[in-house]
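Participant: Sharing a model that was predicted from the sequence below.
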Amino acid sequence: MRAFNTPNHKKGDDDYFNRLLSYFQSQFYERILQMVPIRKSVIYLRTDRNTYVLKGYHTNNRLRLQEAFTATLKKEGFTKTYLFLTSPVREQLFFEGTYFGCMEYIPPNKSVFSFHSHKNRQEGIELLEQFHQTTASFEARYRTLLPKGHLIEKWSERLNVFSNNLPYIDYFINEPVIKEMLAWANWSLEGMENNRSFFQTEPTLILHGDVAHHNFLRDTGGQLNLIDFDLISIGPASFDYLQYANRILPYIDWSFEKLSSLKQIKKYLHEAAFLYALAYPADIFREWNRMIREKSYMDHMKYKQVMDLTISQFYARKKFIDYLKELVD
């Protein structure tokens with residue numbers, strides 16, 4: 001029985017995980033053979049009978065909501081995800097201020113899901129559509145439990161944070177590029193605000209809220225699963241599809257034609273509100289704000305990724321946004 005440590009863990013982290021391992025040993029009915037911290041709040045656990053993923057939450061209410069939501073998903077017919085389990089443990093897992101949920105382990109395929117291939121992009125959005133169809137059927141039951149998705153307000157705040165970070169960002173990016181990105185954001189937000197009624201009249205459902213590639217997991221049987229529902233909220237499906245579009249556009253060379261090949265997104269491409277929203281540089285602002293907040297600009301790999309997103313794709317993105325402007329003006 002071993003507790004494995006990732007290379008970046010410090011001595012304090014090691015001490016914490018060793019204490020956590022001892023606690024899990026006392027709570028599981030099964031003998032623990034291996035514990036691997038994926039992140040501080042996500043743990044891979046293998047016992048003499050099964051394999052699990054343990055996830056930590058700051059409050060019991062957040063954990064209970066996740067347990068209820070995933071159970072409802074399965075009950076309503078969306079089976080391509082995990083369930084939380086209570087049978088392997090003696091009682092509610094609570095350790096040093098964190099509530100842990102015990103989830104089914106989905107054994108990953110050797111082929112990691114990414115947005116590089118059209119097949120994966122198509123399969124991912126079809127799975128997201130299935131998720132939406134399922135959550136639409138029980139959204140009313142969660143209306144008082146989940147926040148409402150307010151995309152314009154969220155993106156306005158993201159722009160404010162980015163603007164406040166400019167004294168740092170100016171060091172890395174030339175002023176003309178920054179001015180262009182700010183112009184894109186302001187044009188986008190103004191257009192979304194002027195066409196807000198579209199988002200308000202679209203039917204609501206439960207949004208996933210984080211459709212990054214790492215939340216699509218292909219299992220060893222080849223089935224694609226959707227995971228991690230920490231950011232679920234109530235809102236129109238277009239909010240998730242906008243995020244999906246923003247995630248895949250760098251992989252399709254910012255091609256409007258390739259984007260319109262996805263029927264789930266194509267149906268929105270005649271809506272001005274959606275076109276304005278496509279121009280918002282959500283990914284650039286998100287990554288710069290995170291890098292400044294975490295002070296990770298000294299990490300060469302992270303810095304290179306953010307600069308590639310910002311500079312290497314700048315002219316392809318500009319051409320795409322200029323085309324959007326032609327469509328709505």
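Facilitator: Okay, I see it. Predicted model, so just to flag it, every value in this text is computed and none were measured.
Participant: Enumerate every residue touching the closest residue to Tyr57 other than its chain neighbours.
Facilitator: Spatially, and ignoring its direct neighbours in sequence, Tyr57 is nearest to Leu63 (4.2 Å; C-beta to C-beta, 6 or more residues apart in numbering). For the C-beta atoms, the positions are set from N, CA and C on the backbone; glycine is no exception. By C-beta atoms under 8 Å, 6 or more residues apart in numbering, Leu63 lies in contact with 57, 99-101.
Participant: Quick check: buried residues in stretch 34-44?
Facilitator: Within stretch 34-44, the residues scored as buried using 16 or more other C-beta atoms under 10 Å are 35, 37, 43.
Participant: After the host helix or strand of Gln66, which helix or strand is next?
Facilitator: For Gln66, the host element (DSSP states H and E) is helix 60-75. Counting by DSSP H and E, the next helix or strand C-terminal to helix 60-75 is strand 84-85.
Participant: Each with direction, which strands does that next one pair with?
Facilitator: Strand 84-85 has the following strand partners under DSSP bridges: strand 98-104 (antiparallel).
Participant: what sits up against whichever helix or strand comes after the partner strand?
Facilitator: Beyond strand 98-104 in the direction of the C-terminus, DSSP H and E gives the next helix or strand as helix 118-136. The contact list for helix 118-136 (C-beta under 8 Å, 6+ apart) reads 73, 76-78, 80, 113-115, 203, 205-208, 211, 213, 216, 224-226, 237, 240-241, 244, 248, 251-252, 258, 261-262, 264-265.
Participant: Return the list of helices and strands in contact with the helix or strand just after helix 118-136.
Facilitator: Going down the chain from helix 118-136, the next helix or strand is helix 151-164, by DSSP H and E. When contacts are defined as 3 or more C-beta pairs under 8 Å, 6 or more residues apart in numbering; DSSP states H and E, helix 151-164 packs onto helix 175-194, helix 196-201, helix 282-294.
Participant: Report the rounded mean pLDDT for the next helix or strand after helix 151-164.
Facilitator: Using DSSP H and E, the helix or strand that directly follows helix 151-164 along the chain is helix 166-169. Mean pLDDT, computed over helix 166-169, is 96.
Participant: what do you get for stretch 23-39?
Facilitator: What stretch 23-39 shows for mean pLDDT is 96.
Participant: got the end-to-end distance for that stretch?
Facilitator: 18 Å (C-alpha to C-alpha, to the nearest Å).
Participant: centre of the chain versus it, how much separation?
Facilitator: 27 Å (C-alpha atoms, centre = their mean, to the nearest Å).
Participant: and after whichever strand or helix holds Gln34, which helix or strand comes next?
Facilitator: In this assignment (DSSP H and E), Gln34 forms part of strand 32-39. Beyond strand 32-39 on the C-terminal side, the first helix or strand identified by DSSP H and E is strand 42-47.
Participant: what are the pairing partners of that following strand, and which direction each?
Facilitator: Here strand 42-47 is paired, per DSSP bridges, with strand 32-39 (antiparallel), strand 51-57 (antiparallel).
Participant: can you give me the helices for the stretch 201-329 of the chain?
Facilitator: 237-248, 256-259, 263-266, 272-278, 282-294, 300-307, 314-328 (DSSP state H, counting those that start in this stretch).
Participant: Mark out where each domain of this protein begins and ends.
Facilitator: By the assignment in automatic domain parsing, the chain contains the domains 2-104, 118-328.
Participant: And those domains, which one averages the lowest pLDDT?
Facilitator: Of all the domains of the chain, domain 2-104 carries the lowest average pLDDT, namely a mean of 91.
Participant: quick one: contacts for Ile292?
Facilitator: Counted by C-beta under 8 Å, 6+ apart, Ile292 has contacts 165, 168-169.
Participant: Scan these and report the most crowded one.
Facilitator: Within the contacts of Ile292, neighbour counts (other C-beta atoms under 10 Å) peak at Ile169, which reaches 21 neighbours.
Participant: ok, that residue touching Glu175?
Facilitator: No: using C-beta atoms under 8 Å, Ile169 is not in contact with Glu175; the gap is 10.4 Å.
Participant: From one end of stretch 30-49 to the other, what's the distance?
Facilitator: Stretch 30-49 stretches 7 Å from its first residue to its last (C-alpha to C-alpha).
Participant: again, but for stretch 47-64
Facilitator: 24 Å.
Participant: list the buried ones in it?
Facilitator: 47, 52-57, 63-64.
Participant: what does stretch 68-86 give?
Facilitator: Judged by neighbour count (16+ other C-beta under 10 Å), stretch 68-86 contains these buried residues: 69-70, 72-73, 78, 80-82, 84.
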